[in-house]
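Trainee: What shape does this take:
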Amino acid sequence: MAITRLTDIITVFDEKWTYGDVKFGYDGEVNQDHDTQYPLMLVNPPESVMPVVYDGREEYSFEINFYNLYSQAAQSVVTLQKRWDNLQDLSNEWLDMVLKKYQDVTVEAYLNDESINIERIKDTQNDKLVQIKLVFTMSAFTKCFRPVSNYPSDFADLVVWLRADSGVTFDIPTKRVSAWADKSGQVSDVAQTTAANKPLRYGYGGINDKAYIDFDGTNDSFVSNNNLPITTDFTIFEVSKIQNADGSVFNYQSGNSSISLGTDEAGELNVSVKDGASQTMQTRTGITITGKPHIGVLKKSNKIIYLDYYDSSNSISLTNNNSGFDNTQTFNQNTFQVGYNNSSYLAGELNELIIFNRDLSDAEIADIVGYLNLKYKIY
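Mentor: So this is what the prediction gives:
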């Protein structure tokens with residue numbers, strides 16, 4: 001596969017911008033109909049040239065504008081530079097994903113060296129917006145780049161990837177979420193059909209001013225459309241700010257088998273895994289974590305569970321084992337819940353939930369925690 005038309009590049013640009021709306025057009029057309037889902041990526045029609053010595057490539061000079069809301073009220077809780085920084089983070093991640101698309105040796109395109117310019121603009125177009133203008137040159141048909149960032153999708157056996165900045169179906173006026181699409185490629189989508197039980201989705205204002213799903217602690221929750229796709233061992237990552245004790249982030253239960261991740265009655269992050277014979281492995285942080293943005297990691301490996309926890313001032317690693325645990329028990333016999341555990345609900349913000357169908361190595365966990373910390377600035 002080689003890039004032969006501008007349409008091919010624009011299709012990839014569109015496919016990799018999963019955080020809000022995409023438009024191919026001109027600056028004056030931004031939000032003409034006042035129905036835009038922000039953040040918005042606007043791809044201006046590019047200029048292009050053929051090199052003096054034509055060797056089958058065309059150089060496209062792109063100007064791409066990224067917009068997000070920045071109202072007067074927002075200025076009291078977040079700085080202008082933070083809103084710009086986070087918009088630039090999304091644009092950088094998007095560009096990395098575009099380059100990864102073209103990393104295969106059968107696809108030939110690259111970003112010209114030293115061709116990126118960034119301009120920051122405020123109070124633009126038909127809304128009170130902040131804007132990042134990204135200008136770069138891309139040459140088709142020649143390969144010479146190697147993206148280096150690690151994403152969860154770079155590791156084998158990813159089966160659930162729910163991220164608040166991507167794949168969320170919600171009503172714009174009410175912000176109520178009806179569906180949350182899995183980005184792992186395994187179709188582990190979750191949904192909520194009852195209007196009163198739908199969490200809210202905000203495109204900014206969460207941890208590090210990122211997008212988040214807001215749960216009310218009373219009746220908000222999601223249920224997966226399909227069974228949880230993990231067998232005997234697994235690794236689960238979550239980024240959230242839990243506001244209540246007995247708040248459930250993730251729950252699976254089938255008969256006597258269960259996986260639970262959330263806060264206990266003391267407000268500590270608590271994880272529990274139970275097998276079909278009702279043997280249990282459980283551990284908790286030992287500190288109250290309510291109200292703290294954090295990264296939590298639960299791993300089951302054979303008859304041992306591991307809990308890693310990170311916030312702005314704590315780094316905790318705990319283990320628990322049970323020799324009587326039935327390690328043949330699988331956890332794919334039922335659906336899973338997000339924000340509810342059959343007895344209590346989550347009050348707070350959930351940014352990401354990532355699940356692998358195996359016990360990741362320490363190095364792999366460090367890479368994914370590093371990705372999450374780079375994105376959310378937890379510690």
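
Trainee: Just the element for Gln81, please.
Mentor: Taking DSSP states H and E as the definition, Gln81 sits inside helix 80-101.

Trainee: which of the residues in stretch 326-343 are buried?
Mentor: Taking 16 or more other CB atoms under 10 Å as the neighbour-count basis, stretch 326-343 is seen to contain the buried residues 326, 329, 331-332, 335-341. (Glycine included, C-beta is placed from N, CA and C.)

Trainee: re earlier: helices and strands around the helix holding Gln81, which ones?
Mentor: Other elements packing on helix 80-101 under the criterion 3 or more CB pairs under 8 Å, 6 or more residues apart in numbering; DSSP states H and E are helix 6-16, strand 59-69, strand 117-122, strand 129-140.

Trainee: Name the strands paired with the second one and say parallel or antiparallel.
Mentor: Read it as strand 59-69. Next to strand 59-69 in the sheet, as set by DSSP bridges, lie strand 40-43 (antiparallel), strand 47-49 (antiparallel), strand 129-140 (antiparallel).

Trainee: Assess the claim that Phe325 and Gln282 are in contact.
Mentor: No: with contact defined as CB atoms under 8 Å, Phe325 and Gln282 do not form a contacting pair (11.5 Å).

Trainee: out of those two, which sits in the busier spot?
Mentor: Between Phe325 and Gln282, Phe325 has the larger neighbour count (other CB atoms under 10 Å), namely 20 against 15.

Trainee: now the more buried one, nearest residue through space, not along the chain?
Mentor: Counting by CB to CB, 6 or more residues apart in numbering, Lys303 is the residue found nearest to Phe325 once chain neighbours are left out, at 4.3 Å.

Trainee: Roughly how far does the residue nearest the centre of the chain sit from Asn244?
Mentor: A centroid search over the chain (CA atoms, centre = their mean) returns Arg163, at 3.0 Å, as the residue closest to the centre. Distance of Arg163 to Asn244, given as CB to CB, to the nearest Å: 23 Å.

Trainee: And the pLDDT for Ile64?
Mentor: Looking at Ile64, its pLDDT reads 88.

Trainee: Could you report the distance from the nearest residue to it once chain neighbours are set aside to Lys101?
Mentor: Leaving aside its chain neighbours, Ile64 sits nearest to Leu134 (4.7 Å; criterion: CB to CB, 6+ apart). Here the criterion is CB to CB. By it, Leu134 lies 17 Å from Lys101.

Trainee: Those two - which one has more neighbours?
Mentor: Neighbour totals were compared for Leu134 and Lys101, and Leu134 leads with 20 against 16 (other CB under 10 Å).

Trainee: For Leu87, see how far away the more buried one is.
Mentor: The spacing between Leu134 and Leu87, counted by CB to CB, is 10 Å.

Trainee: which neighbours do those two share?
Mentor: Both Leu134 and Leu87 are in contact with Phe66, where contact means CB atoms under 8 Å, 6 or more residues apart in numbering.

Trainee: Pull the contacting residues for Phe234.
Mentor: Going by CB under 8 Å, 6+ apart, Phe234 touches 259, 299-300, 331, 355-359.
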